[in-house]
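In: any chance you could fold what I've pasted below:
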Amino acid sequence: MYRDGVRKSIWQEEIKRISSEADDKQLFDVVIVGGGITGVSTALKLQENGKNCILLEAANIGFGTTGGTTAHINDFFDTTFDEAINDFGLEQAKLFAEVGKEAQDHIKNNIKKYGLECDFEEKAAVLFALDERQAEKLKDIVAGASKVGHEMRYTEEISFPIPFKEAVIIPNQAQFHPIKYIKGLCDAFLQLGGHILEDCICESHEEQDEIIVLKTSKGEIRTKNLVYATHIPPGVNILHFMTAPYRSYAMAFSLNYDEYSQHLGYDLTEPYHYYRTQKIDGKTLLIAGGEDHKTGHEENTGECFSRLENYVRQYFDVETVYYSWSSQYYEPVDGFPYIGKLPGSKGKVFTATGFRGNGMIFGTITAQILTDIIVHGKSKYEEIFSPSRIKPVAGFTEFVKETAEVACDFVKDKITAEKIASWEEIKEGEAKVIKHEGESFAVYKEKEGKIHVLKSTCPHVHCEVRWNGAELSWDCPCHGSRFNVNGKMLTGPTVKDLQRIDIEENSE
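Out: I've put the predicted structure just below:
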């Protein structure tokens with residue numbers, strides 16, 4: 001399996017390609033764009049309910065965040081129940097609490113129904129505070145959980161070698177191998193008559209009277225309904241200003257002893273650290289994650305891995321680092337994901353984004369929500385997760401902040417690019433956005449001397465890309481589009497590559 005970065009994730013030994021044949025002249029009931037857990041789960045659920053579906057993936061199944069997740073299956077969220085109560089009210093918070101349990105049930109039912117071998121394990125989680133400030137936050141978290149009927153109980157011991165002030169045990173959580181899981185879902189989807197088309201970029205769509213026509217890199221496809229399971233939809237939409245892209249980092253270590261914790265673990269730092277174990281080729285590894293930051297806003301992304309590794313080594317007797325990788329997710333301005341009808345559409349185009357760090361749960365529940373809306377006309381979660389919702393209090397400050405930051409990034413990078421007279425000024429192993437002969441370029445020079453030159457303007461809304469040294473990619477700080485050193489699109493919302501420049505031709 002290939003993924004959207006040069007670093008290898010712990011899950012990448014699995015599937016390479018999954019594709020099937022489809023009559024491109026037929027009218028589909030639903031086209032699902034995006035081959036991660038959200039798109040695959042949704043495609044299968046709709047196919048189970050009698051819809052004729054095709055799944056389109058720009059690269060390969062599991063290429064994006066599902067191939068880079070740490071795959072915690074937890075029914076408590078980055079948006080705490082206490083925060084949900086304060087921003088949305090107790091009744092909405094109780095409904096929010098139902099999501100986790102229902103999504104867990106869907107995952108377990110899929111595993112049982114289709115006999116999936118995906119390393120699924122039920123575990124308890126430990127949430128722990130490292131200082132007095134975090135202890136106060138934990139107190140609020142537990143109080144909010146109690147109000148919505150979610151079990152959290154204080155404990156005096158935890159199974160991680162980390163000093164703590166307060167901690168709670170949260171039963172009935174789980175973990176799995178995300179790529180084995182979605183591979184099993186894909187097999188089931190195909191067996192039910194579904195279609196999968198990889199290496200197919202959805203470039204745009206047009207809503208006509210009764211159908212939607214998609215323009216893709218492999219021709220036109222006609223459908224009655226369209227689902228964008230791509231984090232953020234392509235084009236320009238209000239959702240691009242109500243979500244913000246973030247990077248998170250993960251590493252997998254072997255330890256010098258066999259006493260690995262059997263719990264899922266989370267601290268309450270900002271950003272928080274999270275832990276689990278995974279057996280790979282018979283060897284148990286500790287997975288640790290953290291060091292999150294807004295995409296394009298960390299000057300040296302390699303230092304994020306160094307900080308994470310140094311933090312883990314403070315408390316764990318590390319033997320070997322086997323894997324290190326990063327991944328992307330989107331933060332919503334008001335704390336709740338956006339799942340439902342795409343704002344500005346005629347009601348037959350759907351989206352799912354803003355999952356924060358809870359993609360396994362919200363990606364899974366998306367399948368049920370969108371199936372209920374498309375098949376039955378409504379969902380009990382439709383209102384609270386509506387992408388068109390307006391909350392004048394919840395999220396308003398963050399909405400203003402994110403909008404201002406995007407505008408600042410847009411302007412600042414246009415005027416601060418370094419000017420050079422010659423490409424030879426770029427050092428080996430160096431990458432930067434520069435101005436040359438009045439134009440801006442993204443330039444990366446390999447250690448062997450080969451130079452990769454691209455136009456530095458992201459095709460989405462024309463922000464300037466920034467270098468991600470950890471993944472050797474050019475990342476857009478505005479909405480999270482990413483490109484490799486040759487300009488090839490890695491992740492949307494852009495649907496176009498960065499323009500490559502031939503230096504020799506350009507200098508003639």
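In: all strands for the stretch 101-250 of the chain, in order.
Out: Along the stretch 101-250 of the chain, the segments classed as strands by DSSP state E, counting those that start in this stretch run 121-129, 153-154, 166-175, 195-197, 202-207, 212-216, 219-228, 243-255.
In: right, I mislabeled it, should have said the stretch 401-508 of the chain
Out: Using DSSP E, counting those that start in this stretch, strands in the stretch 401-508 of the chain cover 418-419, 431-436, 439-445, 451-455, 466-468, 473-475, 482-484, 489-491.
In: let me have the strands of the stretch 101-250 of the chain in CSV, extended by mean pLDDT and mean neighbour count.
Out: Using the backbone N, CA and C atoms, a C-beta is placed for each residue, glycine as well. Below are the strands of the stretch 101-250 of the chain laid out as CSV (pLDDT from 0 to 100; neighbours: other C-beta atoms under 10 Å):
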stretch, mean pLDDT, mean neighbour count
strand 121-129, 98, 20
strand 153-154, 98, 10
strand 166-175, 98, 19
strand 195-197, 96, 22
strand 202-207, 95, 16
strand 212-216, 97, 18
strand 219-228, 97, 20
strand 243-255, 96, 23
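In: would you list those strands in TSV and tack on distance to Glu21?
Out: Converted to TSV, the strands of the stretch 101-250 of the chain look like this (distance: least, C-beta to C-beta, whole Å):
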stretch	distance to Glu21
strand 121-129	37
strand 153-154	53
strand 166-175	35
strand 195-197	7
strand 202-207	19
strand 212-216	16
strand 219-228	14
strand 243-255	35
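In: on that earlier part again, pipe the strands of the stretch 401-508 of the chain into JSON lines and attach distance to Ile196 and mean pLDDT per row.
Out: Below are those laid out as JSON lines (distance: least, C-beta to C-beta, whole Å; pLDDT from 0 to 100):
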{"stretch": "strand 418-419", "distance to Ile196": "44", "mean pLDDT": "56"}
{"stretch": "strand 431-436", "distance to Ile196": "35", "mean pLDDT": "85"}
{"stretch": "strand 439-445", "distance to Ile196": "33", "mean pLDDT": "89"}
{"stretch": "strand 451-455", "distance to Ile196": "31", "mean pLDDT": "92"}
{"stretch": "strand 466-468", "distance to Ile196": "29", "mean pLDDT": "95"}
{"stretch": "strand 473-475", "distance to Ile196": "26", "mean pLDDT": "97"}
{"stretch": "strand 482-484", "distance to Ile196": "23", "mean pLDDT": "96"}
{"stretch": "strand 489-491", "distance to Ile196": "19", "mean pLDDT": "95"}
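In: His376: which of these is closest?
Out: His376 lies closest to strand 489-491 among the strands of the stretch 401-508 of the chain, at 32.2 Å (C-beta to C-beta).
In: elements contacting that closest one?
Out: Applying 3 or more C-beta pairs under 8 Å, 6 or more residues apart in numbering; DSSP states H and E, we find strand 489-491 packed against strand 482-484.
In: buried ones in the strand it packs on?
Out: Arg482, Phe483, Asn484 (16 or more other C-beta atoms under 10 Å).
In: what pairs with the last one across the strands?
Out: Here Asn484 shows beta-bridge partners Ser473, assigned using DSSP bridges.
In: just confirm Asp267 contacts Phe128, I think it does.
Out: Yes - counting by C-beta atoms under 8 Å, Phe128 is a contact partner of Asp267 at 5.7 Å.
In: any residues in contact with both of the two?
Out: Taking C-beta atoms under 8 Å, 6 or more residues apart in numbering as the contact rule, Asp267 and Phe128 both touch Ile162, Phe164.
In: angles on the backbone of His297, please.
Out: Note on His297: backbone dihedrals following degrees, to the nearest 10 are phi -110, psi 10.
In: tell me, how many neighbours does it end up with?
Out: When counting by other C-beta atoms under 10 Å, one arrives at 16 neighbours for His297.
In: how many neighbouring residues does the closest residue to it other than its chain neighbours have?
Out: In space, His297 comes closest to Pro477 once its chain neighbours are excluded; the distance is 6.0 Å by C-beta to C-beta, 6 or more residues apart in numbering. Using other C-beta under 10 Å, Pro477 is surrounded by 24 other residues.
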